[in-house]
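# Structure for this input, please:
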Amino acid sequence: MKKTNIIYKLVAILLFISFFLGCVKDQDFSTPTVDCSEPEITVTNTIQQVKDMYTFGGATVIETDVVIEGYVVSSDKSGNIYKSISIQDTPENPTSAIKISIDKTNLYTKYDVGRKIYVKLKGLAVGYSFGSIQIGQVVGGELTRISAFEVKNHIFRSCEVAEITPKKVTISELNKELLEMLIEIENVQFKTNDLGLSYANVENTETVNRVLESFNSKCNLTNEILLRNSGYSKFKNELLPEGKGSVIAVFSNFYDDFQLYIRDTNDVKFTEERCNYSNALTPTISLSEVRNLYNGTMVEFGVNNNYIVEGYVVSSDESGNFKEKLVLQDAIINPTAGIQLLIENDAIFENYNIGDKVFVKLNQLYMSKNEGILTIGYPNGDKISKIDASEIGHFIYNSGDNFEIIPTEISIAEILNTAYKNTLVRVLNVQLIENELGKAFTFFTGDKDATRTLETCGETNKLAVFTNGNASFANELFPEGHGKITGILSTNLEVRTIEDVAFFEDFEICPVIIPKIMITEVADPKNSVSSRFVELYNAGDSEINLTGWKLNKYVNGSTTVSSSPIDLTGITIPAGDFVIIANTGYAAMFSDTPNIESTYISGNGDDVYELVDNTGATIDIFGVIGEDGNGTNWEYLDGRAVRNVDIIDPNPVFTASEWTIYSNASNSLITNPNTPQNAPNDFNPRVR
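Numbering: from 1, shown residues only. Just a heads-up that it's a prediction; the model follows:
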């Protein structure tokens, strides 16, 4: 008999459990439908009036019987929204909304979307948290979440559950008055760089930002906003949809950065075809024009100039070079300009392949020279630093189109030509210098960076090839033959991969060339200031390319070079030949066309001229830097200084005995005082 009673009890229990589970098939444990009694609560204030109670400087505790009502628009069911509910004042076309911070999870089971609630604020507080006004509790003077034990004393459910109609807005219309409302943004898609990724990080629980871009009816890109996804969300592993459409979300912020929170992936409705960046972005400035904006000081691109530049990727960090650098040039063949961007990314090649056409929005970026190379990124003093990893997608857009890049073929004599800076070149007819044969790209062990030096027989220019110590080929032997090398040209050459070095011919023994370029005459005609000139002479046996060489001037005893020195790039001087650098009146006075015409040649008897090579080393000099020439043994006022013909080597240290000097000055220290020289008869340019 006892056994029979036990069996009956077990059956009854099982029937009860079965009946209960049948009522909650989705296991979301929502509150069962029961008869509802509307709480007898009188509303005293609007949500906006409560927000207006906040005073800057700390949380404002509500000490009077203030009651508000609102409709829940958020949901923590999927885990993307955490310990908070957002309410707005009406189900449709709201005018105000606010977040309520609660120290409790599974809030959706009681405060479901559309549920009207009443909030008694006496004892709670209105404060400022991460850039927005919220309702919470004050603990230790700080705004915190409402205690789970206190919620029942402050938040009350109405029987009303309304259908919430999201407020349709564009990204450009978003402002802080809309915070915590349920909004809908149409014509959006995920940024191309984000495609193939999941909503959040599948490997950890960190919150992740994905970028939504908005477009107009012509598929022109108009704006973008962050979609913020929790690493605890149930949909974190789902891939981002690849189409275009609308997104419904709770509008939030982190200080001045606006962001969206979806309640689940049903809020993302992408049913249309994506817009292509080639149509979405229209360049407004060329790379050449961007480079021309630099005049020696940092360029701030601003926020209203709407600078958009187009370029083609020529660098790759796949083998370990170009660490956190992306180099673009303006054409796939015969480019006219290039630029490098610094970005915080350890695998740039995964998003930007060689040949990819990309667009760069320059708003909020800066440009300056880092180690002599024009660079774009964030400002850091007078230098440029990396664009933050999380922000790269705001500035750089991959069109999805890829092209074959044709390197520009140049000789080693052209490597200092600024037209090739930050572009892909192929330097022909080069090899390692002899004393570097047998060396690795960097070192055979270790991970230090290094450069190797290449040369072309018969040329004075040398080419430095940089390799990052962490490159996959850093410890391999540098090829010892002779041939061509491809890479990005800056102050040195940087290759993408070991295959960029194509040395298939035998090594050549090069004769040693020592440039013997001298200053042989400095002229200051008494009768013609505009006819002043400086004469250079090649006293060596080989033709010398002067690319990268400069003629510096030091005025009135200065120790710093006068601005805009003469750049000798593009000039080749044969053995035994001359180069004339002259002021604007020289040609008419001497019936001779100078090699370079410039008002920089204005030395008036007491100024120094210095000749430096492409490494910046002083090759020859007239005068003493830091000394005013008046009254010295090198004063050439209204006269000329001529190099003695028996001097056949340049001298980086001024030696007065190497010169014959004529001057209008009564100066016994010079060879010929009181001997003014008049043009043209007293001068003989291009003669030694």
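# My read is that residue 493 contacts residue 487, right?
Yes - applying Cβ atoms under 8 Å as the test, residue 493 and residue 487 come out as touching, 4.3 Å apart. Just so you know, the C-beta spots here come from the backbone N, C-alpha and C atoms, and that holds for glycine as well.
# which of the two has more neighbours?
Taking other Cβ atoms under 10 Å, residue 493 and residue 487 do not tie; residue 487 has more neighbours (25 against 22).
# Give me the pLDDT for the more buried one.
According to the per-residue confidence, residue 487 scores 98 in pLDDT.
# Now do the contacts for residue 623.
By Cβ atoms under 8 Å, 6 or more residues apart in numbering, residue 623 lies in contact with 554, 607-609, 629, 634, 654.
# From the residues you listed, which land in strands?
554, 608-609 (DSSP state E).
# Scan the residues you listed and report the most crowded one.
residue 608 leads the ones in strands among the contacts of residue 623 on contacts (other Cβ under 10 Å) with 27 neighbours.
# And what about residue 558, helix, strand or coil?
When classified by DSSP: H, G, I helix; E, B strand; the rest coil, residue 558 comes out as coil.
# For it, give me its contacts.
residue 626.
# Roughly how far does it sit from residue 534?
To residue 534, residue 558 is 17 Å away according to Cβ to Cβ, to the nearest Å.
# ok, now residue 261?
Taking Cβ to Cβ, one finds residue 261 at 70 Å from residue 534.
# Compare neighbour counts for the two and give me the winner.
The neighbour comparison of residue 261 against residue 534 (other Cβ under 10 Å) goes to residue 534, with 27 against 22.
# which residues of the chain score low on pLDDT?
For the chain, the stretches with pLDDT under 70 are 1-34.
# And the helices in it?
2-23, 47-52, 277-280, 287-292, 392-395, 586-590 (DSSP state H).
# what residue is smack in the middle of this structure?
residue 377 (2.7 Å; Cα atoms, centre = their mean).
# thinking that one is in contact with residue 388, fair?
No - judged on Cβ under 8 Å, residue 377 makes no contact with residue 388 at a distance of 9.8 Å.
# Would you mind finding the longest strand in this protein?
strand 244-254.
# what packs against it?
strand 182-190, strand 221-229, strand 257-261, strand 268-272 (3 or more Cβ pairs under 8 Å, 6 or more residues apart in numbering; DSSP states H and E).
# Does anything pack onto the third one? Which helices or strands?
When you say that, I think you mean strand 257-261. Using 3+ Cβ pairs under 8 Å, 6+ apart: strand 257-261 touches strand 221-229, strand 244-254.
# out of those strands, nearest to residue 641?
strand 221-229 (63.2 Å; Cβ to Cβ).
# Note down every partner strand of that closest one and its orientation.
Paired neighbours of strand 221-229 in the sheet (DSSP bridges): strand 208-215 (antiparallel), strand 257-261 (parallel).
# CA atoms only: put stretch 569-579 into CSV for me.
C-alpha atoms of stretch 569-579 as CSV (Å, rounded to 0.1, in the frame of the first residue of the first chain):
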residue,chain,number,x,y,z
THR,A,569,70.3,67.1,-58.2
GLY,A,570,70.1,66.4,-61.9
ILE,A,571,73.5,67.8,-62.8
THR,A,572,76.3,65.6,-64.1
ILE,A,573,79.7,67.1,-64.4
PRO,A,574,82.2,65.5,-66.8
ALA,A,575,85.9,65.2,-66.0
GLY,A,576,87.6,68.6,-66.6
ASP,A,577,84.3,70.5,-66.9
PHE,A,578,82.6,73.3,-65.0
VAL,A,579,79.3,74.1,-63.3
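# buried sites along that stretch?
569, 571, 573, 578-579 (16 or more other Cβ atoms under 10 Å).
# Residue 195 reaches residue 242, doesn't it?
Yes - under the criterion of Cβ under 8 Å, residue 195 makes contact with residue 242 at 5.6 Å.
# Is it possible to get the helices and strands packed on strand 257-261 out as TSV so that each row also shows mean neighbour count?
Below are these laid out as TSV (neighbours: other Cβ atoms under 10 Å):
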stretch	mean neighbour count
strand 221-229	19
strand 244-254	21
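# State the number of residues packed around residue 105.
As a burial measure, residue 105 scores 12 neighbours (other Cβ under 10 Å).
# Distance of it relative to residue 156?
Residue 105 is 20 Å from residue 156, by Cβ to Cβ.
# what does residue 682 give?
Taken as Cβ to Cβ, the span from residue 682 to residue 156 is 106 Å.
# What does the nearest residue to residue 92 once chain neighbours are set aside show for phi and psi?
Closest residue to residue 92 apart from its sequence neighbours, by Cβ to Cβ, 6 or more residues apart in numbering: residue 165 at 4.1 Å. For residue 165, the backbone dihedrals (degrees, to the nearest 10) come out as phi -100, psi 110.
# so residue 165 touches residue 94, yeah?
No - using Cβ under 8 Å, residue 165 is not in contact with residue 94, being 9.4 Å away.
# what about the two, which has more around it?
residue 94 (23 against 13).
# so what's the more buried one closest to, chain neighbours aside?
Nearest one to residue 94, counting by Cβ to Cβ, 6+ apart, is residue 88 at 3.8 Å.
# what about stretch 315-332, distance to the chain center?
Mean C-alpha position of stretch 315-332 versus that of the full chain (Cα atoms, centre = their mean, to the nearest Å) differs by 13 Å.
# likewise stretch 453-467?
That offset, for stretch 453-467, works out to 30 Å (Cα atoms, centre = their mean).
# That stretch spans what distance, first to last residue?
Counting by Cα to Cα, to the nearest Å, you get 12 Å between the two ends of stretch 453-467.
# beta partners of the residue nearest to the centre of the chain?
Residues in beta-bridge contact with residue 377 (DSSP bridges): residue 366.
# cool, and residue 142?
residue 139.
# so residue 392 touches residue 347, yeah?
No - applying Cβ under 8 Å, one finds residue 392 not in contact with residue 347, separated by 11.9 Å.
# Which one's more surrounded, these two?
residue 392 (21 against 8).
# how about the strands of the stretch 401-550 of the chain, start to end?
For the stretch 401-550 of the chain, the strands defined by DSSP state E, counting those that start in this stretch occupy 408-410, 424-432, 450-455, 463-467, 482-489, 493-494, 501-505, 517-523, 533-538, 544-545, 550-554.
# Pull the residues that contact the first one.
Okay, so that is strand 408-410. 333-335, 417, 420, 423-428, 484.
# nearest to residue 506, of these?
residue 484 (14.4 Å).
# give me the beta-bridge partners of the closest one?
With DSSP bridges as the rule, residue 484 is bridged to residue 502.
# How many neighbouring residues does the closest residue to residue 148 other than its chain neighbours have?
Nearest residue to residue 148 in three dimensions, chain neighbours excluded: residue 104, at 4.3 Å (Cβ to Cβ, 6+ apart). Residue 104: 16 surrounding residues under other Cβ under 10 Å.
# residue contacts, residue 104?
With Cβ under 8 Å, 6+ apart, residue 104 has these contacts: 83, 148, 151.
# Pipe those residues into CSV and attach distance to residue 316 and neighbour count per row.
Shown next, in CSV, are the contacts of residue 104 (distance: Cβ to Cβ, whole Å; neighbours: other Cβ atoms under 10 Å):
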residue, distance to residue 316, neighbour count
83, 45, 15
148, 54, 12
151, 56, 18
